[in-house]
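>>> how would this look folded up:
(chains A and B)
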Amino acid sequence: MRFAFTDEQKMIREAVRGFLAERATAGARAKGIAQLQGFDAALWREMAVDMGWAGLIIPEAHGGLGLGVVELAALMEELGAALIPSPFESTVCLAVQLLLVSGDEKAQAEYFPRIAAGNLTATVAVTEPGGEWNPALIKSQYVRSGSEIRLSAVKYYVPFGDSADVVFVAARKQGTQGATGLSLFAVPCDLPGLIRRALVTMDQTRRQAAITCNDLILPAASMIGEEGRGDIMLAELTRRASTTLAAFQVGAAQRCLDMSVDYTKGRVQFGRSVGSFQTVKHKAADMMIGVESARSIVYYAAALADSHSDEFPEAVAAAKVTCSETYFKVAADAIQLHGGIGLTWEYDLHHYFKNARATEVFLGIPDAHRDVIADHLQLSR
Amino acid sequence: MDLNFSKEDESFRAEIAAWMADNLTGRFAELRGRGGPGDEHSFHDLRHAWEKHMAASGWTCVGWPKDHGGRGLPIEQQVLFFEEYARAGGPGRVGHIGEGLAGPTISAFGTEAQKKRFLPPIVAGEELWCQGYSEPNAGSDLANVHTKAHLEKGEWIIDGQKTWTSLAQHADWCFVLSRTEAGSKLHSGLSYLLVPMKQPGVTVRPILQMTGTSEFNEVFFDGARTSEENIVGKPGEGWSVAMGTLAFERGISTLGQQMNFRNELDAITDIARQNGRDRDPMIRRRLVDAWIGLKVMRANALRMLSKPAAAELPREAYIYKISWATWHRDLGKLAMDVLGPDAEIGEGAPYDLTALQRLFLFVRADTIYAGTNQIQRNIIAERALGMPKEPRGQ
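The predicted structure is shown next:
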């Protein structure tokens, strides 16, 4: 039993932290937001290729580093602190993770080398208008005829879906309902007939898109994994992606706390440092209690993910609830501790506050994750 | 990161589990789940017999080094010991202050003669200890200790009052933080004295708590005596020795405590399922959040215990006291809300309360003793976050 990062994991984190400290500045964030696709393609290339992050969890045989959820969580924690827009989460934490979960070797061989080489960004389209992260509610559908698949889908809130090169779309076989009949399809985004548009998002660091298609013709080989097992794949994808997103939230919350401590220590009112008032200190202490609790449970969930533990589903539910709610509270408290300047467009905090809300909802609201635990405890619903 | 225990550790787990199953039986069976916080008044003599029974099989002081009579267990196995002990419903330990506080302090700061005199009876479960820190005017502000001691013909003569002293009515010895330099203030001029309890100069008066029972006591020292050599550290070094003792309080037994918490939460969850209160969405949510909170504390404790001992306390260590205290306090209210009107009805006359009623009342102490939640927040802000220190009044 050793619940701590290995030396190799610490080195990876240090490299990530060093790169981001230098390159992921507030100016770089603003530059990314201002781009048509919502991120800075040159910076993304550095992250994906020069730093090797695109291939972090891709097996070595396909040109990646073959690392696991623990390393991915450590990287995401640093990315959360930096809060720099990029298609990293959509490509690696969602698309690559889905291909890993699917066990589809053909699809892995097709996409992994291109993703690892930084030549392809990808995303996963699950949610539809209404937005609930619940595969049983999916209405998008497909029919198979011979060697063809005809896909009709209306997808909404797709992360970085307006710029991705390929989108993995969840749809159900016509005539099925609930959790059955779901499958996933790789859809190249340059296909005529695939219509997509960027949505205006309150959190500008997380671009979202609407994607629709009507009777889009795809080759049968575009189906990812086994037909009809989409519910199982999406459930495991949700757990793994929730773990790494929760780590991102911890990193972001830590940054909000650090900013608040620095600011209140330096700000003088009533002839003394604002940070010397007990009411301010105790709020900061509560923020730290929240952040460290969140960090402990997310590391725990990440370690369980890599060891394929039976305890993983409940642990990750606990992590996503804890990290989502902590991040929102800490970001809100950070604005309070900063006073007026925390409300301004120029200051960084509003990005974190908005991001806290966006990440709280993504991959299921906290109460949806609580239901996982309520079922585990066999409580009435 | 590896959350799995080794084969060797797992076989140790099986060994302690089997020992508990074989031994917490017969006359000891009624001790199962008894004598914990809020119930420390129960079954004292039988629990003392149990302590000696454990000692006879080498299950006391398992984390102490072998040359001090312990088992020298590595941290993982200490964790497993406390977890399995609690899982089996092992009773509150009457020797825990000696094993957890007095012994480690004497080991770290005491003379060879003191180690020889005091450690073996703790290991054997023969001598029980209590802690003489808090006073009526020295609670959170511990440095405001007023109990005095001076040397007279080879003995320390002690005068003053301690309070909130658990187990004082049963203890053989007390470690007393006392002022040995007249006119000294705050942290200077204090000494750490080992004082026998069974003597004419010591009077123990139980404090009747809101539970109707007495775990805590007032202890009056009125010309009480102890031999000149019964001082740990030098005269005037008492504060740093006392802080060392508090550091031992942190840590390893926390997973055993969490196993007890889990037993409590499981019992409350069972009641909710049976009486149907789990259909109330607010109750359901609180049960789920309590479960999450416990999972978070376990993860935090494992993270804390996996760190090698270092001069700088890791951040996760700063949050654990306030986290468990607040969680447990809230669990008490949840228990009452799950029980509904039944929560009002006690076990018997004149004022025998149920286990959950005792829980509800006694957990109010959790956020007060061993550093109140307010003191914890000061410590976190000042030491972990580096914010300015509180100014001290005159």
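>>> quick one, phi/psi of residue A:277?
phi -80, psi 140 (degrees, to the nearest 10).
>>> what's the spacing between residue B:130 and residue B:98?
9 Å (Cβ to Cβ, to the nearest Å). Using the backbone N, CA and C atoms, a C-beta is placed for each residue, glycine as well.
>>> common neighbours of the two, please.
Common contacts of residue B:130 and residue B:98, defined by Cβ atoms under 8 Å, 6 or more residues apart in numbering or on different chains, comprise residue B:173.
>>> the more surrounded of those two?
Just comparing residue B:130 and residue B:98: by other Cβ atoms under 10 Å in any protein chain shown the higher neighbour count belongs to residue B:98, 31 against 26.
>>> show me the shaky parts of the stretch 201-350 of chain A.
For the stretch 201-350 of chain A, no stretch is flagged by pLDDT under 70.
>>> interface residues of it facing chain B?
Taking Cβ under 8 Å from any Cβ of the partner chain as the contact definition, the stretch 201-350 of chain A meets chain B at A:257, A:261, A:264-265, A:272-273, A:275-276, A:278, A:280-282, A:284-286, A:288-289, A:292-297, A:299-300, A:302-304, A:306-307, A:309, A:314-315, A:318, A:321-322.
>>> which of those fall in strands?
Members of those lying in strands (criterion: DSSP state E): A:272, A:273.
>>> can you tell me which strand in chain B is longest?
From DSSP E, the single longest strand across chain B is strand B:217-227.
>>> distance from that strand to the middle of the chain?
Put simply, strand B:217-227 sits 22 Å off its chain's centre (Cα atoms, centre = their mean, to the nearest Å).
>>> now do the top helix by length along chain B: which elements does it pack against?
Taking DSSP state H as the criterion, chain B has its longest helix at helix B:281-305. Packing contacts for helix B:281-305, counted by 3 or more Cβ pairs under 8 Å, 6 or more residues apart in numbering or on different chains; DSSP states H and E, involve helix A:278-306, helix A:312-338, helix A:366-376, helix B:254-275, helix B:315-318, helix B:320-339.
>>> which stretches in chain B count as helices?
B:7-23, B:44-56, B:75-87, B:96-97, B:103-109, B:112-123, B:238-248, B:254-275, B:281-305, B:315-318, B:320-339, B:355-362, B:373-379.
>>> alpha carbons only: can I get the fifth one in PDB?
Once side chains and other backbone atoms are set aside, the C-alpha atoms of helix B:103-109 remain, and they are given as PDB (Å, rounded to 0.1, in the frame of the first residue of the first chain):
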ATOM      1  CA  GLY B 103       4.500   6.200  26.300                       C
ATOM      2  CA  PRO B 104       5.600   7.800  23.100                       C
ATOM      3  CA  THR B 105       6.500  11.000  24.900                       C
ATOM      4  CA  ILE B 106       8.600   9.100  27.500                       C
ATOM      5  CA  SER B 107      10.200   7.200  24.600                       C
ATOM      6  CA  ALA B 108      11.100  10.400  22.700                       C
ATOM      7  CA  PHE B 109      12.100  12.700  25.600                       C
END
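>>> quick check: mean pLDDT of that helix?
The average pLDDT within helix B:103-109 is 94.
>>> and what of stretch A:139-147?
The model assigns stretch A:139-147 a mean pLDDT of 94.
>>> so for whichever residue of the stretch 1-150 of chain B sits closest to chain A, what's the nearest residue that isn't a sequence neighbour?
Across the stretch 1-150 of chain B, the shortest distance to chain A (Cβ to the nearest Cβ) belongs to residue B:1, at 4.0 Å. Among residues not flanking residue B:1 along the chain, residue A:303 sits closest, at 4.0 Å (Cβ to Cβ, 6 or more residues apart in numbering or on different chains).
>>> what sits against that neighbour?
So residue A:303 contacts A:3, A:70, B:1, B:2, B:3 (Cβ under 8 Å, 6+ apart).
>>> mind checking how far it is from residue A:80?
Counting by Cβ to Cβ - residue A:303 and residue A:80 are separated by 19 Å.
>>> with residue B:208 instead?
Here residue B:208 is placed at a distance of 52 Å from residue A:80 (Cβ to Cβ).
>>> neighbour count: these two, which is higher?
More crowded of residue B:208 and residue A:80, by other Cβ under 10 Å: residue A:80, with 27 against 10.
>>> and the residue in the stretch 51-200 of chain A that chain B sits nearest to, which helix or strand is it part of?
Per Cβ to the nearest Cβ, the residue of the stretch 51-200 of chain A with the smallest distance to chain B is residue A:70, at 5.3 Å. Residue A:70 is located in helix A:69-82, with elements delineated by DSSP states H and E.
>>> average pLDDT for the helix or strand just after that helix?
On the C-terminal side of helix A:69-82, the closest following helix or strand by DSSP H and E is helix A:88. Taken as a whole, helix A:88 has an average pLDDT of 98.
>>> near chain A, which residues of the stretch 1-150 of chain B show up?
B:1, B:2, B:3, B:4, B:5, B:6, B:9, B:76, B:79.
>>> 6 Å instead, please
Contacts of the stretch 1-150 of chain B with chain A, taken as Cβ under 6 Å from any Cβ of the partner chain, map to B:1, B:2, B:3, B:5, B:76.
>>> and residue A:210, which of the three is it?
strand (DSSP: H, G, I helix; E, B strand; the rest coil).
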